[in-house]
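Q: structure, please.
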Amino acid sequence: MTPRDDWPTPTQGLVLTHFLSVRDVAVSRRFYAEVFGGEVVLAENPCIVKIANGWIIMNPGGGPTPDKPDITLTAHEPGDPVSSFLNVRVADIASFYEQAVAKGAEFLTEPIDRKAEIRCYLRDPDGYLIEVGQATGMLEGVFADPSGPPVQGAGDQ
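A: All right, here's what the predicted structure looks like:
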């Protein structure tokens, strides 16, 4: 069997995918396919949606398996703290935002100019956080103001 171009199966090196435990595969599959223009390459077990040059892999949660003993996967629950999020870069955030809203996406805010980039956030059907941003000032060496105390060694190259 030869690798398919639309599956995350490299012929050399590696590819990076993002796995999500979801409550309803069909709802999440539709969200990622519609809002992000993804291509469903496998509907279930696991669901794989190719988006641009990456893949989202989704399955319901489950208990330990021989290759991940003592690990239980569960979908994000409303109110859970956020420890990671999907980061999506777009060429034209205004256009993406307008199209995503028309498809039913609900953003936390409209895109905000942060000097280095223009960005906004939305949640998927399970509540996972997704940042959508467009590089702007960073392309000219302009970066956002620090959000906390200076990091030791930052900029000491």
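Q: pretty sure residue 87 contacts residue 131?
A: Yes: in this structure residue 87 lies within contact range of residue 131 using C-beta atoms under 8 Å: 4.9 Å. Using the backbone N, CA and C atoms, a C-beta is placed for each residue, glycine as well.
Q: pick out whichever of those two has more residues nearby.
A: residue 131 (15 against 12; other C-beta atoms under 10 Å).
Q: show the pLDDT at that one.
A: Residue 131 is assigned a pLDDT of 97 by the prediction.
Q: tell me the contacts of it?
A: The neighbours of residue 131, taking C-beta atoms under 8 Å, 6 or more residues apart in numbering as the test, are 85-88, 119-121.
Q: relative to residue 93, how far out is residue 36?
A: Counting by C-beta to C-beta, to the nearest Å, the gap from residue 36 to residue 93 is 14 Å.
Q: oh, I was asking about residue 29
A: According to C-beta to C-beta, residue 29 and residue 93 sit 24 Å apart.
Q: same thing with residue 17?
A: Going from residue 17 to residue 93 by C-beta to C-beta gives 24 Å.
Q: just residue 57 next, same as before
A: Taking C-beta to C-beta as the measure, residue 57 falls 26 Å from residue 93.
Q: tell me which of these two has more neighbours.
A: For residue 57 and residue 93, the more surrounded residue by other C-beta under 10 Å is residue 93, and the numbers stand at 22 against 14.
Q: which residues sit in contact with the more buried one?
A: If a contact means C-beta under 8 Å, 6+ apart, then residue 93 has 111, 118-120, 132-134 as its contacts.
Q: how about the nearest residue to it, chain neighbours excluded?
A: Computed as C-beta to C-beta, 6 or more residues apart in numbering, the closest residue to residue 93 that is not its neighbour in sequence is residue 134, at 3.9 Å.
Q: how about the strands of the chain, start to end?
A: Using DSSP state E, the strands of the chain run over 17-21, 39-42, 47-51, 54-59, 86-89, 112-113, 117-123, 129-135.
Q: residue 77 is nearest to which of those strands?
A: The minimum distance between residue 77 and these falls on strand 17-21, with 10.8 Å, by C-beta to C-beta.
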